[in-house]
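Quick one, what's the 3D model for this:
(one chain, ligands or ions: 3)
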Amino acid sequence: MAGEPATSLKPDIGSGLRIPLHLGVIMDGNGRWAKMRGKRRTEGHVEGVKTLRNLVELCINYGVGTLTVFSFSSENWTRPPDEISFIFNLLRRFVASDLQRLIRNNVRVRIIGTRRGLEPSLVRLIDDAEAKTAHNTGLNLVVAFNYGSKAEIAEAARHLAREVAAGRLSPEAIDEAAIGNALFTAGLPDPDLIIRTSGEQRLSNFLLWQAAYAEFVFVEEHWPDFNEATFRRVLETFSTRERRFGGIEAVGR
Ligand code: IPE
Ligand code: IPE
Ligand code: MG
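Ligands and ions are numbered 1, 2, ... in the order given. Here you go, the predicted model:
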């Protein structure tokens with residue numbers, strides 16, 4: 001919730017690193033990583049999945065509560081159809097091949113984004129992954145797929161308007177919590193740290209509402225090169241940030 005510290009200290013991980021309760025990651029730079037090596041863009045996406053697998057493990061080991069990764073944006077539909085279907089197949093394969101391991105690791109999976117327009121077999125696959133991990137109590141792994149934050153907010157507004165029109169909600173009851181609860185991320189804390197790789201410094205329509213008080217760390221590495229050393233460096237930077245939430249003193253340290 002706005003104004004509350006959303007951070008925990010996990011001294012056991014070493015050097016007093018501050019560990020985010022909710023980490024958001026914009027996994028960018030797969031295409032450039034591949035191009036630099038004379039490979040096809042799709043090979044960068046394949047490597048990117050390996051990095052994601054690693055990151056999930058790092059988050060479990062370091063005690064991150066929720067990890068939200070941006071894997072396909074609503075704007076990515078403007079890419080060539082071949083690349084789009086390759087990314088969709090990668091998601092399918094990731095869910096199919098990693099689900100058992102995620103279950104064993106007590107990971108709870110949630111896929112956010114619109115399911116309208118997705119193939120029914122893909123929708124079944126992601127529904128199944130959510131259902132089979134719904135009772136897990138470890139890391140929350142949130143995959144933003146076919147996700148756009150403005151569309152999410154518009155959808156929330158439509159939902160609340162329908163509730164008002166049906167007489168189930170008064171307009172006065174539409175506060176920040178009501179809007180937060182109408183978003184895909186309902187029930188999750190706001191991200192306290194957002195990382196973007198590959199040197200770009202923008203949100204690209206990722207968690208606009210939820211990131212109101214997030215810290216941002218931008219790293220130069222392309223996503224396939226992101227590793228534990230990068231992760232630790234980011235956490236060290238995050239640990240030095242003074243978070244004030246509008247007040248005059250640091251909160252949550
Ligand atoms: C991120 O890498 C993955 C997706 C957006 C699906 P990119 O594919 O955006 O890689 P660049 O930015 O072109 O290098
Ligand atoms: C954002 O990356 C979306 C994902 C990482 C899935 P893009 O590469 O699509 O963003 P822009 O187009 O450079 O802003
Ligand atoms: Mg990109």
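
Now the helix or strand hosting residue 130: average pLDDT?
Element membership of residue 130, judged by DSSP states H and E, is helix 120-133. For helix 120-133, mean pLDDT is 97.

residues in the stretch 1-150 of the chain within reach of ligand 1, list them.
Residues of the stretch 1-150 of the chain lying near ligand 1 by CB under 6 Å from any ligand atom: 27-32, 72, 76, 87. C-betas here are computed from N, CA, C, even on glycine.

Just give me the neighbour total for residue 180.
Using other CB atoms under 10 Å, residue 180 has 18 neighbouring residues.

Surely it is in contact with residue 209?
Yes. In this structure residue 180 lies within contact range of residue 209 using CB atoms under 8 Å: 7.3 Å.

Spatially, and excluding backbone neighbours, which residue is closest to residue 237.
Sequence neighbours aside, residue 217 is the residue nearest to residue 237 in space, at 5.3 Å (criterion: CB to CB, 6 or more residues apart in numbering).

Taking helix 120-133 as reference, get the angle to the helix or strand just after the helix holding residue 130.
Scanning forward in sequence from helix 120-133 by DSSP H and E, the next helix or strand is strand 140-147. Relative orientation of strand 140-147 and helix 120-133, computed by axes from the mean of the first three to the mean of the last three CA atoms, to 10 degrees: 160 degrees.

What lies in contact with strand 140-147?
Residues outside strand 140-147 that contact it (CB atoms under 8 Å, 6 or more residues apart in numbering): 56, 65-74, 91, 102, 107-115, 117-118, 126, 184-185, 188, 206-207.

Next, report how far the helix or strand following that strand is displaced from the centre of its chain.
Remark: after strand 140-147, the chain's next helix or strand is helix 149-165, criterion DSSP H and E. Distance of helix 149-165 from its chain centroid, counting by CA atoms, centre = their mean, to the nearest Å, is 21 Å.

Helix 149-165 vs ligand 2: in contact?
No. Using CB under 6 Å from any ligand atom, helix 149-165 stays clear of ligand 2, coming no nearer than 11.0 Å.

what inclination does that helix have with respect to strand 140-147?
Per the same axes, to 10 degrees, the angle that helix 149-165 makes with strand 140-147 is 90 degrees.

Do you have the strands of the protein handy? List them.
7-9, 18-20, 22-26, 66-73, 108-112, 140-147, 193-196, 215-218 (DSSP state E).

hey, least reliable of those by pLDDT?
strand 7-9 (a mean of 52).

Next, find the distance separating residue 194 from ligand 1.
15 Å (CB to the nearest ligand atom, to the nearest Å).

Now this structure against ligand 1: closest residue?
Nearest residue of the chain to ligand 1: residue 31, at 2.9 Å (CB to the nearest ligand atom).

burial measure for the nearest residue to that residue once chain neighbours are set aside, as a count.
Computed as CB to CB, 6+ apart, the closest residue to residue 31 that is not its neighbour in sequence is residue 41, at 4.2 Å. Neighbour count for residue 41, taken as other CB under 10 Å: 18.

Counting neighbours, what do you get for residue 16?
Residue 16 has 10 neighbouring residues, counting by other CB under 10 Å.

distance of it from residue 235?
Distance of residue 16 to residue 235, computed by CB to CB, to the nearest Å: 10 Å.

hang on, the earlier thing: find the residues that touch each one of residue 180 and residue 209.
In contact with both residue 180 and residue 209: no residue, using CB under 8 Å, 6+ apart.

Pull out the CA atoms of stretch 232-248 and give them to me as CSV.
What follows is stretch 232-248 as a C-alpha-only set of coordinates in CSV (Å, rounded to 0.1, in the frame of the first residue of the first chain):
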residue,chain,number,x,y,z
ARG,A,232,24.0,-8.5,-6.2
ARG,A,233,25.2,-5.2,-7.6
VAL,A,234,21.6,-4.1,-8.1
LEU,A,235,20.7,-5.1,-4.5
GLU,A,236,23.7,-3.2,-3.3
THR,A,237,22.5,-0.1,-5.1
PHE,A,238,19.0,-0.7,-3.8
SER,A,239,20.3,-1.0,-0.3
THR,A,240,21.8,2.5,-0.4
ARG,A,241,18.6,4.1,-1.6
GLU,A,242,16.8,6.3,1.0
ARG,A,243,13.1,5.7,0.6
ARG,A,244,11.1,8.6,2.0
PHE,A,245,7.5,8.1,0.7
GLY,A,246,6.9,11.8,0.7
GLY,A,247,8.2,12.3,4.3
ILE,A,248,11.5,13.8,5.4
